[in-house]
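S.K.: Sequence first, then the predicted structure, then my questions.
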Amino acid sequence: MAKYSALSLLRGAFNGQSHWQPAWRHPDPKASYDVVIIGGGGHGLATAHYLAKNHGITNVAVLEKGYIGSGNTGRNTTIVRSNYRLEPLSRFYEFSLKLWEQLSDELNYNVMFSPRGALTLGHSDGDMIRLAEKGDAMAVQGIDAELLTRDQVMKIEPCLDFSHDARFPIEGGMIQWRGGTARHDAVAWGFARSADSQGVDIIQQCEVTSMVVDAGRVVGVETSRGRINAGMVAICAAGHSGHVAAMAGLKLPVESQTLQAMVTEGVKPMVNTVVMTQSLHCYISQSDKGGIVFGGDPDNWPSYAQRGHAVTMELAVQQGLALIPALSRLRMLRTWAGVTDMSFDGSPIIGSTPVDGLWIDGGWCYGGFKATPGSGYLFADTLANQRPHEIIAPFSLDRFERGSPVDENGTGPFPNHR
Amino acid sequence: MLLIPCPHCGDRAQAEFAYERTADSVVPLDAAPDQAVAALFTRTNPRGIDEEIWRHTYGCGSWMLIRRDRVSHAIEWVKPIGPAVLP
Amino acid sequence: MIRFTFDGRALTAKPGQTLAAALLDHGIKLVGRSFKYHRPRGILSAGVEEPNALVTVGTGGRAEPNTRATDLYVYDGMVATSQNRWPSLSSDLGSALQLVAKALPAGFYYKTFFGPPKLWLFYEKFIRRAAGLGPAPVEADPDRYAQRAAFCDVLVVGAGPAGLIAARDAARAGKRVILVEQDAELAPSLLRDPQEIEGQPGSVWAASVAAELRAKGGRVLTRTSASGLWDDNFICLSEKLVEPGQVPQGAFTQRYWHVRADEVVLATGTLERPLTFANNDRPGVMLSQAVRTYVSRFGVVPGQRVVVATSNDDAYLTATALRQAGAEVVAVLDSRPSPAGQDSGFAVLNCAAPVSAAGGKRGVTGVTALIDGAERSFACDLIAMSGGFTPVVHLHMQAGGKLDWDDAAQAFVPGATRQNVRTVGSAAAPAPAETFGALGPAKQAFVDFQNDVTVADLDLAWREGYRSVEHLKRYTTLGMATDQGKTSNMAALDRIARREGMEVPQAGLTTFRPPYTPVSMGALVGLATGEHAQPTRRPALYDLHAAKHPIWLNAGYWKRPRAYPVGSETLAEAGLREARSVRQAVGLCDVSTLAKFEVQGPDAVQFLERVCQTTVGKLAVGRGRYTFMAREDGLVFDDGTVWRLEDNRYLLTSSTGGASRMATWLSYVRNYLCADLKVSVVCVQEHYAAIAVAGPQSSAVMAELTGAEAPRHMSVSETGIAGVPVLLMAASFSGERAFEVHFDARHAEAVWRAIEDKVLQAGGAPYGIEAMELLRIEKGHLVVGPDIDGRLTADELGLGKMVNKAGGWIGAATLHRPDFADSMRKQLVGIEAVNGGSIPEGAMLVRRVGEQAEGHVTASGLRIMEGGSIALAHLMGGHMRHGEELYAHSPTRKQTVKVRVGSPHFYDPSGERYRD
Amino acid sequence: MTDVVVERLGFAPLQLLDLWGDPGGVQQVLGHALPPVGRAEGGVLRTGPTSWLIEGEVSALKAAISGDGAIAAVGGGLLRVRLSGPNWRSLLMEGGLFDFESPAFTTDCVVITVIDHVSVTLRVEGPDSCLAYVPASHAADLLHFWQISAGGLPQ
């Protein structure tokens, strides 16, 4: 893997940048691999990278039905944070956040992880107490969390509406300074380049059409590019987890729903952090190109269409404008939608399945992007050792029938009730 | 925004409706424990046609079963749910 | 004449001119700076596809950054400012970036800026400042936006000749029609290329069609963009009622339409494609049809010595228009081999295409062309180029339509559709043209003008493996600028196809998502701004409370009084005083927001015993009880009271915050699970106002008010207060003898005043949520949200003894899951500070600071009369840990308080005070 | 110039009739049958598959439906607002979802729909007026919305 550096860019200035090699190969699939990963998004590619890097397992194929990073990896709002209330979640996301902090160097690919701060606003005393509770839960685990007064929030984000008759008055907030954003596509590309350089085959335009099952064990997959045998099959298919799992006769505790996001035309810096709120459902940040990136609620009804509901976006903008009235004259430039696999407690599902040889990394709801390095690392560890890593053990598939959901919001088994 | 044919009111905007759950997630009142757990915590979740329970929440309030395609969003049919209704 | 300013310079415009037209009229060619290299840019187009000429228009709260000068009609007093330059447009320091451009190829930032994240954060500051086009808005928008629904049989998008005819046909067939046009004028193509239609001059004809549509009840909206075409022909339109930055003449600045149409007819026309050659981004390089628009429609000739470069016939019309306007057409470079336009009298050169433009920020000075393999240069001050026509298929694709490849036009045209959408006019049948790829040095040949993406960037991306068109876009940022690739996508596909040696359709296609043109955020929101950003629900007694100037609480959508401070009292002081008056005398509190359901019918008990985890059937008429409800997963999600008013008539109350969830849940159970029951469940949350009266004096107060002995605890009587029939329910949330008075909300004020009089006479006071919280925490009553958090079972909440042992309630079946038997699950306990200090609500419970949390404080209060901090908490295995000492630890608030675990019932645990 | 008048009529005694069976004697009590979905007759509006909103005296009706349904008072929670003048249909299109401009939406038609995020029950009283039943807690918001909107209706 030719090293990326400022120096090599400078060298390119004198050779017309002609020395750059392909970031990854475009190989044909081999007949057999030790591990076949279904899904060439951030999670699948990260799993492949860590299988190779941490466990020396390089006879690995990542199968992608479109092009790498074409699913939710390229369709999110790029937020990275570990500010969760429940211990299994904050512990996992903190593990992931620590990987983010060194990811650009690890991959020799700048994923532009920008720890500009993840700010959650509180609009009432009640909100502030819930924020303190979350911050305290984080802090006792050594995760950074700082409660902010209204004045402190005003210094950090002067663009917010601090008037006292605001519909959502700002009483204060909580910030995780180490949270922020990253460049979503770069994450897929960086993991792909690194995995490829370690020998992993990334096979694009290769759709899995069925599972090959022998004596109750998954031993391979049929694909649009022929049969591929596998020692283990790992599903990293995000919104399509249920569809893929069904090929092995498995029904998952997930429902696929659409999550939309949007971006405005670019303007000079105005939103400094990632702004979220305790009692609303919108999250706002500003991209490096200047666009204000907005996300809101999922559409709350099942869909695989990658096509959102016009009104959901209007509701998200309504909340965003309530917080930052000066956004009114900006224009919405682009909307997009991803298919999310909404699990039945809002937490991911990682680990083994009842089908021998089949493993899953899914159920990420709308939290999958920030999990990318963490889940790749821990899922690779799980696959390599054929047992769940301790940090992801709480997220086993059987937790629902056992009665141990990890329900951050306490809203129960229906995703649209969250 | 879908146009949903309410069995009682005719075609109405989706914003008047709320999706509740899939038909396969209904837990009958007399469900055995295993049956209840299976219904609550597993879904076929097909990338295609499924049957879902919706409510005309901000309209007549009635419940209905909608069979629809989750990729094209085309609605195949809608059936009313609930007690017998006078004309 | 219309007066306006551009970068402070006072200028004039003719009526109907766009800013671009007016600037060209004044000979101003340099209008903006590009995003990445700050290259000088002029005006490329005459429409919404403009990538270069972006300005900020308006001032203060009306300032609109990134407004296309080509899509902005000049109005008197308009203030327009160029963007992304410092200190000025003509001497922009950022343009120094062009010097290092060679070291900044596509995706350069992925290959450098390594090191710790803080370092990237540092670099990013500068990158962010350099990026971002227009200035960030600061002030709130002073204007309003309307949102409106419309329904029609046929919606026609585009009021060109094809659209007008389609709309007229539909109207004549008796259909409801809406016709929308993004331009300020109908049929703008007829202003560019005047022609007679049906015996009338084009624009007269267009006006007569519009008049006919209106006469037949149709709606014709100009300055209106169809931005999104969603499922089932739901279309969003944004209509400019005034120009960007302009002071509205009426109530609104824009109107956002939500249209539902049976059929959508797309007459959206085509966009002209630029040619790709070196320095094709210089001011003075323009699209051919745009040049013609400026000449014929706006009366502006953008150059005097013109080279026309084309791959199709249409550009000859431009040459003709220029000649008629007095400009010199130096040459027509036609890429096609066969002689075309030979009889036009122009110097037509075949097999000819531009390679490189000369000139800088003041505009082009010449062009070098490749003619049959030989280079030749021409001096000129304007290059009018045409690379063919791309149908506007955006809305067609948004509606799930497929695209077909039209080889003659080298363009994608609308194919099969899923929705009732059809395309007419040139968007369905674009004029033939050929493509011939990029010429000249690839590093100077721009494909995406605004984002500074060159052919060299595309080639680099392809070489590095970013071969899918989506990868290419994302790696190079092609098509991601404010024009969304309207002028660049096809050139990129063409380049990929040539590299891969395939046809364009095989090279791929990007999907178009809403909006077609950017939509003001204000329009997406309509009137839901400021204090109306979300609905506010006001209880019936709102005005009465407001007169007392309470401290309000936003409880979900509701406005509720939190405390009624006297004098300079703080919230805490007022809350404590109010709570003490309840403990010592009597208080009254508005609890109208509680969820309330009337459950009637012979099967009402059966229904309620499904929903409630407690028994209901044992209640005698006139009695009530505390109850709680489990979800299907066995965990408690709400609580309340149930009252038997008559044999077959019950009133069920539950939490305010859970009201709509409970209404849906009861309706689901009734209609889906119990459709055969003879039961009626009606939500009466708003019909009944409710006032809680609590305190040792409460029964005396009620007796006085009703003239009868007050009902005993958990009994209900139907009586009257101030002549108003009321339900008098003896129930206590405070721990004192207490009542809830429920009655028709129409009489809310009369009843409140009557009760308040007596309460005041008895030495009591009204109390708000703050006091209510103190009272209920001391008593150990639970609240949905913090205490009943949807994660615990009834047993774990300490409610196990009340569970209906006979079962039958929803949730019983799943409660047998093995992990629920784990005795170290969280359980509800009380905690009390042992060495003073105040227990922080939300704090973690730890054995020692530095250890993991074993629980947390759900609600913190105090012993109301004697002081001392007490709280409710969730604690692992808490029921077995009474007496244990822990710390309530709040690192975020830097507070740590030693606490002892015990019963949650701190006050009158045996319930003595409920009895008179 | 608004051509639409928004008039706050205040509250009235309103009852919700909810049926689980088919009572025979209703026609005799009311003088007409219970109206079908989407329609009103006299003081009775159909609000759902099994429910009717009734203005006026219901004690006789209560007797007639006994065993087949129940009646609950709901009038304290519904503010009645009259929209009148030639532009009432146009006003209702603001912030709406339903086709009030449809020629089929005529006198005694009833619809429950969402306007400005509030669920409202509407009954056409005649060519020039329409009666809205607005949840009392939302009424201040919705009246404000109508007041602003009425000032800027499109031609």
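M.R.: Nice, I can see it. Numbers count the residues shown, from 1 in each chain, chains lettered A, B, ... in the order given.
S.K.: State the distance from C:Phe743 to B:Ile81.
M.R.: C:Phe743 sits 35 Å away from B:Ile81, going by C-beta to C-beta, to the nearest Å. From N, CA and C alone the C-beta is placed, and that goes for glycine too.
S.K.: where in chain D is pLDDT low?
M.R.: For chain D, the stretches flagged by pLDDT under 70 are D:1-2.
S.K.: cutoff 50 now
M.R.: D:1 (pLDDT under 50).
S.K.: and C:Phe743 and B:Ile81? which has more neighbours close in?
M.R.: Ranked by neighbour count (other C-beta atoms under 10 Å in any protein chain shown), C:Phe743 and B:Ile81 place C:Phe743 first, with 24 against 19.
S.K.: buried set for the host helix or strand of C:Leu349?
M.R.: Using DSSP states H and E, the element containing C:Leu349 is strand C:348-350. Buried residues in strand C:348-350, counted by 16 or more other C-beta atoms under 10 Å in any protein chain shown: C:348-350.
S.K.: list the helices and strands that strand packs on?
M.R.: strand C:328-334 (3 or more C-beta pairs under 8 Å, 6 or more residues apart in numbering or on different chains; DSSP states H and E).
S.K.: Quick one: list the elements packing against the strand it packs on.
M.R.: Going by 3+ C-beta pairs under 8 Å, 6+ apart, strand C:328-334 lies up against strand C:305-310, helix C:315-324, strand C:348-350, strand C:352-360, strand C:363-371, strand C:374-379.
S.K.: contacting residues around the first one?
M.R.: Translated: strand C:305-310. Applying C-beta atoms under 8 Å, 6 or more residues apart in numbering or on different chains, the contact partners of strand C:305-310 are C:275, C:288, C:291, C:315-316, C:318-319, C:322, C:327-335, C:346, C:352-354, C:367, C:369, C:378-386.
S.K.: and with 6 Å instead?
M.R.: Residues outside strand C:305-310 that contact it (C-beta atoms under 6 Å, 6 or more residues apart in numbering or on different chains) are C:275, C:315, C:318-319, C:322, C:327-334, C:354, C:367, C:378, C:380-386.
S.K.: and the angle for that strand with strand C:328-334?
M.R.: Angle of strand C:305-310 versus strand C:328-334, following axes from the mean of the first three to the mean of the last three C-alpha atoms, to 10 degrees, is 20 degrees.
S.K.: Just checking: what are the partner strands of strand C:305-310?
M.R.: strand C:328-334 (parallel), strand C:382-386 (parallel) (DSSP bridges).
S.K.: Which residues of chain D lie near chain B?
M.R.: Contact residues (C-beta under 6 Å from any C-beta of the partner chain) of chain D with chain B: D:20, D:36-37, D:48-49, D:97, D:112, D:114, D:119.
S.K.: Please work out which residues outside the strand holding C:Leu349 touch it.
M.R.: For strand C:348-350, using C-beta under 6 Å, 6+ apart, the contacting residues are C:331-334, C:337, C:339, C:341, C:371.
S.K.: In PDB, could you pull the C-alpha coordinates for stretch A:321-331?
M.R.: Provided in PDB are the C-alpha atoms of stretch A:321-331 (Å, rounded to 0.1, in the frame of the first residue of the first chain):
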ATOM      1  CA  LEU A 321     -35.500  26.300  12.900                       C
ATOM      2  CA  ALA A 322     -36.900  26.500  16.400                       C
ATOM      3  CA  LEU A 323     -33.400  26.100  17.700                       C
ATOM      4  CA  ILE A 324     -31.600  28.100  15.100                       C
ATOM      5  CA  PRO A 325     -34.000  30.700  13.600                       C
ATOM      6  CA  ALA A 326     -31.400  32.100  11.300                       C
ATOM      7  CA  LEU A 327     -31.500  28.900   9.200                       C
ATOM      8  CA  SER A 328     -34.800  30.100   7.700                       C
ATOM      9  CA  ARG A 329     -33.300  31.700   4.700                       C
ATOM     10  CA  LEU A 330     -30.900  28.900   3.900                       C
ATOM     11  CA  ARG A 331     -32.100  26.400   1.300                       C
END
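S.K.: helix/strand/coil for the one residue in the stretch 751-900 of chain C that gets nearest to chain B?
M.R.: The minimum distance from the stretch 751-900 of chain C to chain B, using C-beta to the nearest C-beta, falls at C:Ala813 (3.8 Å). Per DSSP: H, G, I helix; E, B strand; the rest coil, the local secondary structure of C:Ala813 is helix.
S.K.: I'd guessed it sits against B:Ala36; true?
M.R.: Yes - between C:Ala813 and B:Ala36 there is a contact under C-beta atoms under 6 Å: 3.8 Å.
S.K.: what about the helices in the stretch 151-300 of chain A?
M.R.: In the stretch 151-300 of chain A, the helices defined using DSSP state H, counting those that start in this stretch lie at A:184-197, A:241-246.
S.K.: Go through those and name the closest to chain C.
M.R.: helix A:184-197 (4.7 Å).
S.K.: So what touches that closest one?
M.R.: A:1, A:23-25, A:42, A:45-46, A:48-49, A:68-69, A:73-74, A:76, A:78, A:107, A:109, A:111, A:202, A:372, C:110, C:474.
S.K.: Among those residues, name the buried ones.
M.R.: A:23-24, A:42, A:45-46, A:48-49, A:68-69, A:73-74, A:76, A:78, A:107, A:109, A:111, A:202, A:372, C:110, C:474.
S.K.: among the residues you listed, which are in helices?
M.R.: Taking DSSP state H as the definition of helices, these contribute A:42, A:45-46, A:48-49, A:107, A:372, C:474.
S.K.: for these, which one is nearest C:Thr627?
M.R.: Closest approach to C:Thr627 among those (C-beta to C-beta): A:Thr372, at 45.8 Å.
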